[in-house]
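Q: When you get a sec, could you give me coordinates for this:
(one chain, ligands or ions: 1)
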Amino acid sequence: MSEIARPGASVAPAQQVSLHATTVPRSFVAVAYHDVHPGDVFSYGSLGRSATMYHVSERVFRSHLDVIQAAGVSSLGEAALRACLGGAGTLDGPGCVLTFDDGWRGAVEGAAPILAERGITAFFFVVSGFIGRRFFADQEGLRRLDPSLFTIGSHGVTHRMLSSLASQEIFAELSDSRRRLEDLLGRAVRCLSIPGGAVDRRVLEIAGAVGYDCVFTSTLGINPTALGRRGIARIGARQSTDAATLRRWLAGDLRRERARAALLAVPKRLLGMRRYLKVRRALLAETVGHDHFFEP
Ligand SMILES: [Zn+2]
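A: Sure, this is the predicted structure:
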């Protein structure tokens, strides 16, 4: 089992030798994807734009992988991720971690085979209550994901914002989803992605008590962060994320995104998360009647 996927055909043999499986980078950029759609036109019926604005087409997704491979950046699987966050990294230059939130069918059935073709590792964070629903992967699809390349983690049961829930509800979201996935897969599930990035100290404490030891957030940053495995920073990819932008991220330059996040943090703080999301939906011009069953 190769913990670090080696870039494929576009990389010269000399570089492949230097990317030995036991070599772990000192740092990494984690990129957050959601659905990967076969065509360039997205049609999700009544799902609001806030649920789909982070979706990309297969064409764009392949172009991102081309950029990653051409840059000679290695993707980290679960063991390499743990080694890096444990301080065992020796390789200069950041690696990358690819993640897919929510358990969309296009990610599991469309993106995963494309990744497997190229030997690139990834993490899939599944909302256990969405398994088998329209647009989402079913049990068989999740079971088919090759565990030597792909780690499956939890993204809650219902995708509710955890920091706004009572402690016993947070516990139920995190432990019930973990148990469902472990029963389905027959192996331990120890990685978690926080729905909507709604994390605070209480959520982190409960996640630790439930048994998660790698927690992915939506905080911008290069890993390891000060929180290490308890706060793995990510950056969200979109259909509009072009090659130059992705190259910049892979080089560890998130200045533009940090500036934007700092601007958005002001209304978020003033309004509180729930009201902020409501306002954001209004700004996205989503009309009443759309099915806002969750925020990505
Ligand atoms: Zn999500």
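Q: what sits against the residue most central in space within the chain?
A: In the chain, the centroid-proximal residue (C-alpha atoms, centre = their mean) is Thr99; its distance is 3.0 Å. Counting by C-beta atoms under 8 Å, 6 or more residues apart in numbering, Thr99 makes contact with Ala30, Val31, Ala32, Tyr33, Ala122, Phe123, Phe124, Phe125, Ser193, Phe216, Arg234. Any C-beta I mention is one placed from the backbone N, CA and C, and that applies to glycine too.
Q: For it, which residues count as its bridge partners?
A: Ala32, Phe123 (DSSP bridges).
Q: how far away is it from the ion?
A: 10 Å (C-beta to the ion, to the nearest Å).
Q: Val60 too?
A: The gap separating Val60 from the ion is 19 Å, by C-beta to the ion.
Q: swap in Ala79?
A: Counting by C-beta to the ion, the gap from Ala79 to the ion is 25 Å.
Q: ok, now Gly228?
A: As judged by C-beta to the ion, Gly228 and the ion stand 22 Å apart.
Q: One more: Gly86?
A: To the ion, Gly86 is 27 Å away according to C-beta to the ion.
Q: ok, back up a step: in CSV: the contacts of Thr99, plus pLDDT and distance to the ion.
A: Below are the contacts of Thr99 laid out as CSV (pLDDT from 0 to 100; distance: C-beta to the ion, whole Å):
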residue, pLDDT, distance to the ion
Ala30, 98, 14
Val31, 98, 15
Ala32, 97, 9
Tyr33, 97, 11
Ala122, 98, 15
Phe123, 98, 13
Phe124, 98, 12
Phe125, 98, 7
Ser193, 98, 7
Phe216, 98, 10
Arg234, 97, 11
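Q: Pick the one among the residues you listed closest to Leu204.
A: Phe216 (11.9 Å; C-beta to C-beta).
Q: pretty sure the closest one contacts Leu192?
A: Yes: look at Phe216 against Leu192 with C-beta atoms under 8 Å: they come within range, at 6.9 Å.
Q: list residues touching both of those two?
A: Contact criterion C-beta under 8 Å, 6+ apart; residues shared by Phe216 and Leu192: Phe125, Gly153.
Q: Tell me where the stretch 151-296 of the chain has helices.
A: 167-185, 201-210, 243-250, 255-271, 273-283 (DSSP state H, counting those that start in this stretch).
Q: May I see the buried residues of the second one?
A: The reference is to helix 201-210. Within helix 201-210, the residues that count as buried by 16 or more other C-beta atoms under 10 Å are Val203, Leu204, Ile206, Ala207, Val210.
Q: Mind putting those residues into TSV with pLDDT and distance to the ion?
A: TSV is the format used below for those (pLDDT from 0 to 100; distance: C-beta to the ion, whole Å):
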residue	pLDDT	distance to the ion
Val203	97	14
Leu204	97	17
Ile206	98	18
Ala207	98	15
Val210	97	18
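Q: What is the nearest of those residues to Leu264?
A: Leu264 lies nearest to Val203 out of these, by C-beta to C-beta, at 20.4 Å.
Q: State the pLDDT value of the spatially closest residue to Phe100 that is not a sequence neighbour.
A: By the measure of C-beta to C-beta, 6 or more residues apart in numbering, the closest residue to Phe100 outside its immediate chain neighbours is Ala107, 4.0 Å from it. Residue-level confidence at Ala107 comes out at 97, pLDDT.
Q: same question, Arg274
A: The model's pLDDT for Arg274 equals 70.
Q: And Arg260, by the same measure?
A: pLDDT recorded at Arg260 is 87.
Q: now swap in Ala71 and tell me
A: At Ala71, pLDDT is 95.
Q: Could you tell me how many residues sit around it?
A: Neighbours of Ala71 under the rule other C-beta atoms under 10 Å: 18.
Q: With Leu254 instead?
A: Leu254, neighbours per other C-beta under 10 Å, totals 18.
Q: Backbone dihedrals for it, both of them.
A: Phi and psi for Leu254, reported as degrees, to the nearest 10, are phi -110, psi 20.
Q: mind listing what it touches?
A: Taking C-beta under 8 Å, 6+ apart as the test, what Leu254 contacts is Val29, Leu220, Gly221, Ile222, Ile235, Arg248.
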